[in-house]
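Chemist: model the following, please.
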Amino acid sequence: MLKDTRFFISLILIAFSYNSLNAQGCCSGGSGNPIAGGASTGVLLKHQVETSINYQYNFSDNFYVGKKDTINPTSFDNLNSNYIFLRTDYGISKKLTISLASGYFLNKKKVGYNKSDTLCSKGFSDLIIFPRYNIYNNDLPFTRSEITIGVGIKLPIGSHADSSETIPGVWDVNPPITQLSSGANDLIFYSFFFKEYKLHKLRVFANILHINKGYNSLDQKIGDYTSYGLYFGKTFKNKISSTLQIKGEIIKKMDAGESQFEWENEYLNDLEESSGGRKIFVIPQISYSLKSLSLFATYEIPIYQYLNGLQIGSKNQLTIGLNYRFLTKKNEISEKN
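Modeler: Predicted coordinates:
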C-alpha cells in the first residue's frame, strides 16, 4: 500500500513541478529549463529508481500591462515552445533521494509579424541536481503524514547569449524569453507536506519551491522565483487518479546589468521594468497506472496574472509524461520503510 502511495505522490508532484520553472522559461522575462525535475516529490525506497520522459507544449499570445489583458503593441505575435524532459531519481536510503534532470527544446520560438522579427532556438537547456531528505514520516492505520525538504542546484548547459543580425553587419543578443538557459547557477530550496486519508483514498499536498537566481556572463540575473502549491488527489479503482492543484507564483524583477552605451541602457532598463510579476493557476491532472508504469497529463489554467510593465503572459501549457519505477536490489524493507 505504501509503495503505491509513494508512486502516486511522485507521479502527481513530478507532473506539477514542471510548471514551476516554466514561469521563467516562457513568460515574464525569463529563460531556461521549464521543468523542475524531481523538485516537488517525496522520497523513494532505498535502491529504488524512477525514470521519466515528458513532453511539454507551451503557447501564449496574451499580453498584459499590470493585471489587464491588453492589445498586443509589440513586434511579435506569440511565444511557443516544444520541450522534451528526462529525469532519473535514485533512493540512496529510505530517507534520502537524489534527482538528475535535463531537457531539450525541439523549438523555442518568438513569432514575429514579419519574418525578420521571428526568432527560434533549439537545443539543451539546464542540468538539475536535486537531493531531498524525508524529515518526518508518521504512518498510522487510517492516516499518513510526511514532510520532505531539499536543496539543489541548476547548472546552465544551454545557450544564454544567442544573437541575431538586426541590421546588416550588426548582431544583437536575443531577448531572454528566447534563450535556452538563463546562463547562471541557480540554487533551489524546497519543502513538501503530504497527508493521506487511507479509507477515503484521499490525499492532500502542499509545497513551497524557491529558486535563488545567479548572475550569468552578461552580468544579468533573472528574477528570483517562488511558488506555493496546494493539491487535492483522489484514486479511483487503484489505477486512475485525478488531482487538482492551486498554485501561486511570485517572480522578482530581473537585473539586466549596465552598458557603456546610453541607447543600450534604455533597452536594458525596459527589460528590467517589464519583468517579474504574480500569477495564480488552477492545474488539473489525470493519470493511469499499471503496476510500475504510469501515464499522466496536466493542463495549466491561469486565473490571475499581474505582470510588471508590458509582458506576454501565460495561456496554454500542456504536459504529458510516462514514468517507470523499479528496484535495483531486493530490499529487506517492509512497506513501512
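Chemist: start to end distance for stretch 132-151?
Modeler: Taking Cα to Cα, to the nearest Å, the first and last residues of stretch 132-151 lie 7 Å apart.
Chemist: low-scoring stretches of the stretch 201-337 of the chain, by residue?
Modeler: Within the stretch 201-337 of the chain, the stretches falling below the threshold (pLDDT under 70) are 260-261, 263, 331-337.
Chemist: hey, where'd the strands end up in it?
Modeler: If you assign secondary structure with DSSP state E, counting those that start in this stretch, the strands in the stretch 201-337 of the chain sit at 202-212, 225-236, 240-251, 277-290, 293-312, 316-327.
Chemist: nearest to residue 259, out of those?
Modeler: Comparison of the strands of the stretch 201-337 of the chain against residue 259 by Cβ to Cβ identifies strand 293-312 as nearest, at 19.1 Å. Yep, even glycine has a C-beta here, placed from its N, CA and C like the rest.
Chemist: okay, the strands of the stretch 201-337 of the chain in JSON lines with distance to residue 54 next?
Modeler: Shown next, in JSON lines, are those (distance: least, Cβ to Cβ, whole Å):
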{"stretch": "strand 202-212", "distance to residue 54": "17"}
{"stretch": "strand 225-236", "distance to residue 54": "18"}
{"stretch": "strand 240-251", "distance to residue 54": "16"}
{"stretch": "strand 277-290", "distance to residue 54": "12"}
{"stretch": "strand 293-312", "distance to residue 54": "9"}
{"stretch": "strand 316-327", "distance to residue 54": "3"}
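Chemist: figure out which of those is closest to residue 89.
Modeler: Comparison of these against residue 89 by Cβ to Cβ identifies strand 316-327 as nearest, at 8.7 Å.
Chemist: tabulate the strands of the stretch 201-337 of the chain (CSV), appending mean neighbour count and distance to residue 78.
Modeler: Rendered in CSV, the data for these read as follows (neighbours: other Cβ atoms under 10 Å; distance: least, Cβ to Cβ, whole Å):
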stretch, mean neighbour count, distance to residue 78
strand 202-212, 19, 26
strand 225-236, 18, 23
strand 240-251, 19, 20
strand 277-290, 18, 18
strand 293-312, 18, 8
strand 316-327, 18, 10
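Chemist: report the contact partners of residue 198.
Modeler: Counting by Cβ atoms under 8 Å, 6 or more residues apart in numbering, residue 198 touches 1, 141-144.
Chemist: correct me, but residue 57 touches residue 316?
Modeler: Yes. In this structure residue 57 lies within contact range of residue 316 using Cβ atoms under 8 Å: 7.5 Å.
Chemist: quick revisit: now the buried members of the contacts of residue 198.
Modeler: In the contacts of residue 198, burial by neighbour count holds for residue 144, counting by 16 or more other Cβ atoms under 10 Å.
Chemist: relative to residue 114, which of the contacts of residue 198 is nearest.
Modeler: For these, with residue 114 as the reference and Cβ to Cβ as the criterion, the closest is residue 144, at 57.5 Å.
Chemist: ok, and the closest non-adjacent residue to the closest one?
Modeler: Across the structure, with Cβ to Cβ, 6 or more residues apart in numbering as the measure, the residue nearest residue 144 apart from its sequence neighbours is residue 196 (4.4 Å).
Chemist: how would you label the one you found: helix, strand or coil?
Modeler: strand (DSSP: H, G, I helix; E, B strand; the rest coil).
Chemist: and it, bridged to which residues?
Modeler: Here residue 196 sits in beta bridges with residue 144, residue 203, as judged by DSSP bridges.
Chemist: what about the helices in this structure?
Modeler: When assigned using DSSP state H, the helices of the chain occupy the ranges 2-25, 262-273.
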